[in-house]
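1. can you look at this prediction? I've put the sequence above it.
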Amino acid sequence: MTRRGFLAPAAAVLAAACSPLGALNALGPRDPGVRRVGRDIPYGEDPRQRMDILAPTAAAAGPWPTLVFFYGGGWDSGMRTQYGWAAHALAARGFVVVVPDYRLVPQVRFPAFIEDAAAATARAGAIARQYGADPARLGVIGHSAGAHLAMMIALDRRYMAAAGAPNLIKAAAGLAGPYDFLPLDVPSSINAFGRTPDLTLTQPVTFVRPDAPPLWLGHGTKDEVVHAEDTTILCERMRAVGGRCEAKLYEGLNHADLIATFSPLFRKKAPVLQDVTTFLHSELG
């Protein structure tokens, strides 16, 4: 029986998706006009609480808007070094891009990885000017579980407030994200959230509010890991309370396709990168 959110074979499909996405970093082409300006910058004491920063090489037009990019991996896998190609794609379109690692299951459980996302974002804002970025124009973006992180820190006020930057996020974007996935019925979500006394606090849809940062949500209609319905539901609920949300469904794209289209190899499959960066530039200036 299927449902909204993660499907029963999600863990297996996610594992299969991670390898080709990682291969894009090692073997695929990257957008030119980008340089790494920061490496292994700490935002906490744990070895995984580190981040890299990429920036456009163009001499004109700075300071650039700031983006914090969260990769996916079912809350239990992934590393920033696998996603340099995605960060290059964003930076080449006029952003300073911060890519943090965050602590994973089984080292931690909810809400530790959300707290890491907030801490990394706050740190990115604090040091943005050192890297040619504007902290007043900061957005967050993520794919899959990374989209869950981005939406949680954008919508649930408590995380960014605890990180000391309650009003820092000005826009948020999610690619193929799980936003309404109760009941928990697959290992990845059970392991990440199963010990939480009130499971509604793990769901981005719980925290829709009229004064939230504007959202952009993209999803593939052939996603067999996270239902596209999650994107539709979150956007509808945001609009119902007076918030701003734009949803884009991409015909025929699957879960990995949404982020793979950031690579020059697959960019012609769908204009995902163009759509999300147009939204982010319109909101961040």
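-> Done, it's in.
2. only C-alpha atoms from now on, for both contacts and neighbour counts.
-> OK.
3. how long is stretch 68-87 end to end?
-> End-to-end distance for stretch 68-87, by Cα to Cα, to the nearest Å: 9 Å.
4. mean confidence for it?
-> For stretch 68-87, mean pLDDT rounds to 96.
5. what comes up buried for that stretch?
-> Residues of stretch 68-87 classed as buried by neighbour count (16 or more other Cα atoms under 10 Å): 68-80, 82-87.
6. how about Asp134, secondary structure?
-> Here Asp134 is recorded as strand under DSSP: H, G, I helix; E, B strand; the rest coil.
7. keep only those of the buried residues of stretch 68-87 that are in helices.
-> In this view, the buried residues of stretch 68-87 that belong to helices under DSSP state H are Gly84, Trp85, Ala86, Ala87.
8. not counting its neighbours along the chain, what's nearest the third one?
-> Spelled out, that is Ala86. Spatial nearest neighbour of Ala86, chain neighbours left out: Phe262 (5.8 Å); criterion: Cα to Cα, 6 or more residues apart in numbering.
9. that neighbour against Gln274, yeah?
-> No. Phe262 is beyond contact range of Gln274, at 9.0 Å (criterion: Cα atoms under 8 Å).
10. looking at these two, which is more packed in?
-> When neighbours are counted by other Cα atoms under 10 Å, Phe262 comes out ahead of the other of Phe262 and Gln274, with 24 against 15.
11. residues touching that one, list them.
-> Phe262 sits next to Trp85, Ala86, Ala89, Val272, Leu273 when contact means Cα atoms under 8 Å, 6 or more residues apart in numbering.
12. show me the strands in this protein, by range?
-> For the chain, the strands defined by DSSP state E occupy 34-42, 50-56, 64-70, 96-100, 133-143, 169-175, 215-220, 245-250.
13. many thanks, I have nothing further to ask.
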